[in-house]
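Provided below for reference: sequence and predicted model.
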Amino acid sequence: MLKDKVKALFEEPACGKNQAKSEKDRKAGCSKPLTPGAAAGGCAFDGAKIALQPVTDAAHLIHGPLACEGNSWDNRGSGSSGSDLWRRSFTTDLTELDIVTGTGEKKLYKAIREIKQRFEPAAVFVYATCVTALIGDDIDAVCKAAAAKYGVPVIPVQSAGFVGSKNLGNKIAGQALLDHVIGTVEPDDVGPTDVVILGEFNLAGEFWQVKPLLDRLGIKVRACVPGDARYAEIAAAHTARATMVVCSTALVGLARQMQERWGIPYFEGSFYGVLDTSESLRQMAKLLVARGAPADLIERTEALVTEEEARAFARLEPYKARLAGKRVLLNTGGVKSWSVVAALMEVGMDIVGTSVKKSTTEDRERIKILMREDPHMFESMAPRDLYKMLADDEADIMLSGGRTQFIALKAKTPWLDINQERVHPYGGYDGMVELVKQIDIALRNPIWEQVRTPAPWDADGNLIEAVVRFPATGTSSPLPGMVEPDDSFAARHRKKFAESRVDGTDTAYLAHHRKKFVGREADDIGDD
């Protein structure tokens, strides 16, 4: 039952939080009652879809009302080198009539049939939503019947949004892969250097900057889950010799269970930053050699690391003088809470704060080691507190997701997207150079000096500075410079004459208009 599966996910022994608990607390799990609006940052359905939708040659069918699919479509910038079927997405679009008449299961079966006939996908992932879970639609039975009828794998994902947070949805997706996908295909090209990479989403195509390094070492990526993955690759993931977990909060449970079932050892690493990328390559080589890979793999890895580090640091050198001492506020989480910290410290930047909202115990320990006595960690920070910190000039730039960019912009502080909406790849050695480059561009954008300049009027709209005045003649530039204020009527209207087709010294023209000002103090119009 769904309740039992969710309970097991909350008690995941590989989870850093559970490792630090007593046996009694571990059995109690981590469940928290949801409050209204708690899913605003992503529900379990959203998390499951994030973790599976980048499987490029599969169809992703949402069984529920149209809004569920509309709110989650294309919410990650994952890159694909193959089919674009995954970007289409499908929905059964349940209406009130379907719910009342109980035709939801029939509609789901017909949708699977139509997808199979029109698109011939490698597999179909079917996602449960709040509505279909509440009315009791048995998507497991429908998926099993459709798979047998049409000869295509149909995988049920029990991802009702009310079950929990987006992070729990990631785990539900991993469990669906373990229960229905991994181990169902036996490849004929198994090798001693096959690896599986979990929790790498290939955002902005950044994994493509790492894969060439593995290719040079002869390391074959059996499956990268979920970034740019194919269904058959994931189905054969059980034949790998080692697993690297990039985002431990999302799929560490899947890595642990793969180790228990098939004896595949795993480690947690990062491809953000020069030194972390090097360390991940070294750990991968050591695990593979321990499991039968050629012994010279470690030596070749060390040579590659030395070469790439020298090249990366040479490219970073011009930025160090400009960025050294610049203060960064990181409002992110998970693997980025510590890996980006390490990356930015490599160029001498100061971290004034980093969010650890979605970070494991190991992530927090890494931050403490990196930042020593003053780790500046915060679980979460209210928008008003973020704004105050930036407005008080406690940070030079904020790195975060798109939802908090407007806080930085309101505080007139440079901001850079570090989360899933980013358009620049930051993975690997080249990605580190790109990250530093984008930070430098953001900091040196001339717009910040302009928006920070005080407005020349007060709260009531009254000017608080002398008005800039321009001479009527003598220059063609629109900004000739400041001149002494001249309050005479002639000075105020000299510009009008200068821009008119009539010469300002034309006696006939002046005589015609002087009649308007007879009896006024300003009857000296045109006089010098």
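Cool, the structure landed. Numbers count the residues shown, from 1 in each chain.

how close does Thr301 get to Asp215?
13 Å (CB to CB, to the nearest Å). The way it works is simple: take the backbone N, C-alpha and C, and place the C-beta from them, glycine included.

compare neighbour counts for the two and give me the winner.
Using other CB atoms under 10 Å, the more surrounded residue of Thr301 and Asp215 is Thr301, with 24 against 11.

quick one: residues contacting the more buried one.
Contacts for Thr301 (CB atoms under 8 Å, 6 or more residues apart in numbering) come out as 217, 281-282, 284-285.

pLDDT score assigned to Ala14?
Per-residue pLDDT puts Ala14 at 59.

same thing with Leu435?
Per-residue confidence (pLDDT) for Leu435: 92.

that one and Gly427 touch, don't they?
No. Contact criterion CB atoms under 8 Å: Leu435 and Gly427 do not qualify, at 9.3 Å.

intersection of neighbour lists for those two?
With CB under 8 Å, 6+ apart, Leu435 and Gly427 have common neighbours Tyr272.

any weak-confidence spans in the stretch 101-250 of the chain?
Low-confidence segments of the stretch 101-250 of the chain (pLDDT under 70): 248-249.

hey, where'd the strands end up in it?
Applying DSSP state E, counting those that start in this stretch to the stretch 101-250 of the chain gives strands spanning 124-128, 154-157, 194-200, 220-226, 242-245.

and those, which is most packed in?
Among those, ranked by average contacts under mean count of other CB atoms under 10 Å, first place goes to strand 124-128 (a mean of 29).

adjacent strands (with direction) for it?
With DSSP bridges as the test, strand 124-128 is paired with strand 59-63 (parallel), strand 154-157 (parallel).

mind putting those in a markdown table, distance to Ala321 included?
Below are the strands paired with strand 124-128 laid out as a markdown table (distance: least, CB to CB, whole Å):
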| stretch | distance to Ala321 |
| --- | --- |
| strand 59-63 | 48 |
| strand 154-157 | 50 |
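
tell me which of the ones you listed lies nearest to Phe406.
In terms of CB to CB, the element of the strands paired with strand 124-128 nearest to Phe406 is strand 59-63, at 29.2 Å.

for the closest one, the averaged confidence score.
94.

contacts only, for Leu304.
Taking CB under 8 Å, 6+ apart, one finds 213, 216-217, 281 in contact with Leu304.

top of these by neighbour count?
Leu281 (24 neighbours).

so how far is Leu203 from that one?
Leu281 sits 20 Å away from Leu203, going by CB to CB.

got it, and Arg256?
For Arg256 relative to Leu203 (CB to CB), the value is 25 Å.

the two - which one has more neighbours?
Leu203 (22 against 17).

pairing partners for that one in the sheet, please.
Counting by DSSP bridges, Leu203 forms beta bridges with Ser78.

what kind of secondary structure is Asn419 in?
Secondary structure, DSSP: H, G, I helix; E, B strand; the rest coil: Asn419 is coil.

mind listing what it touches?
Asn419 touches 332, 336, 400-402, counting by CB under 8 Å, 6+ apart.

how does it look with 7 Å?
Applying CB atoms under 7 Å, 6 or more residues apart in numbering to Asn419 gives the contacts 332, 400-402.

go on, Ile115?
Applying CB under 7 Å, 6+ apart, the residues near Ile115 are 59, 61, 90, 121, 124.

check Phe90 too.
59-62, 111, 115.

and the buried ones among those residues, selectable in ChimeraX?
The buried residues among those can be selected in ChimeraX (16 or more other CB atoms under 10 Å) with this line:
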select :59,60,61,62,111,115
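
which of the contacts of Leu304 sit farthest apart?
Farthest pair in these (CB to CB) is Arg216 and Leu281. Separation: 10.2 Å.

ok so, going back, now distance to Thr413 too, for the strands of the stretch 101-250 of the chain, in TSV please.
Shown next, in TSV, are the strands of the stretch 101-250 of the chain (distance: least, CB to CB, whole Å):
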stretch	distance to Thr413
strand 124-128	38
strand 154-157	40
strand 194-200	30
strand 220-226	33
strand 242-245	34
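
nearest to Arg315, of those strands?
Per CB to CB, nearest to Arg315 of the strands of the stretch 101-250 of the chain: strand 194-200, 23.5 Å.

residues in contact with that closest one?
By CB under 7 Å, 6+ apart, strand 194-200 touches 207, 219-225, 227, 237, 239-247, 250-251, 254-255, 284.

now the angle from it to strand 220-226?
Computed by axes from the mean of the first three to the mean of the last three CA atoms, to 10 degrees, the angle separating strand 194-200 from strand 220-226 equals 20 degrees.

Phe45 contacts Gln158, correct?
No. The criterion here is CB atoms under 7 Å, and Phe45 misses it with Gln158 at 9.9 Å.

more neighbours: these two, which one.
With neighbours defined as other CB under 10 Å, Phe45 and Gln158 compare such that Phe45 has more, 30 against 22.

A strand includes the more buried one, no?
No. In this structure, Phe45 is helix, not part of a strand, as judged by three-state DSSP.

please begin residue numbering at 683 from this point
All set: I'll call the first residue 683, so the last point we hit is now Phe727.

burial count for Arg993?
Look at Arg993: counted by other CB under 10 Å, it has 14 neighbours.

now Phe949
By the measure other CB under 10 Å, the count of residues near Phe949 is 15.

now do the one 4 residues further on
Phe953 has 25 neighbouring residues, counting by other CB under 10 Å.

what secondary structure does it sit in?
Secondary structure state of Phe953, per three-state DSSP, is coil.

now do the contacts for it.
Contacts of Phe953 (CB under 7 Å, 6+ apart): 892, 928, 959, 962, 1109-1110.

tell me the average confidence for stretch 1000-1008?
Mean predicted lDDT for stretch 1000-1008 stands at 92.

correction: the previous question concerned stretch 1033-1042.
For stretch 1033-1042, the mean pLDDT works out to 74.

with stretch 961-970 instead?
For stretch 961-970, mean pLDDT is 96.

quick one: it to chain centroid distance?
Centroid displacement of stretch 961-970 relative to its chain, using CA atoms, centre = their mean, to the nearest Å, is 26 Å.

list the buried ones in that stretch?
961-963, 965-970.

switch those residues over to a markdown table; also include secondary structure and distance to Val1133.
Conversion of the buried residues of stretch 961-970 to a markdown table gives the following (DSSP: H, G, I helix; E, B strand; the rest coil; distance: CB to CB, whole Å):
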| residue | secondary structure | distance to Val1133 |
| --- | --- | --- |
| Glu961 | helix | 40 |
| Ser962 | helix | 40 |
| Leu963 | helix | 43 |
| Gln965 | helix | 45 |
| Met966 | helix | 46 |
| Ala967 | helix | 49 |
| Lys968 | helix | 50 |
| Leu969 | helix | 50 |
| Leu970 | helix | 52 |
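
for Ala1006, state which of those residues is nearest.
Nearest to Ala1006 among those: Glu961, at 23.5 Å, using CB to CB.

contacting residues for the closest one?
Gly951.

how close does it sit to Leu743?
40 Å.

now swap in Val1118 and tell me
41 Å.

how about Phe949?
In terms of CB to CB, Phe949 sits 35 Å off from Leu743.

and Ala830, by the same measure?
In terms of CB to CB, Ala830 sits 17 Å off from Leu743.

pLDDT below threshold where in the stretch 1033-1182 of the chain?
For the stretch 1033-1182 of the chain, the stretches with pLDDT under 70 are 1039-1046, 1048-1057, 1061, 1147-1182.

determine which two of the contacts of Thr983 are furthest apart.
Across the contacts of Thr983 (CB to CB), the longest gap, 10.8 Å, separates Leu899 and Arg964.

how about the helices in the stretch 933-1082 of the chain?
956-972, 978-1005, 1018-1027, 1043-1053, 1065-1073 (DSSP state H, counting those that start in this stretch).

what does the stretch 733-882 of the chain give?
748-754, 778-783, 786-801, 812-817, 821-832, 848-862.

highest mean neighbour count out of the ones you listed?
For the helices of the stretch 733-882 of the chain, the highest mean count by mean count of other CB under 10 Å goes to helix 848-862, at a mean of 24.
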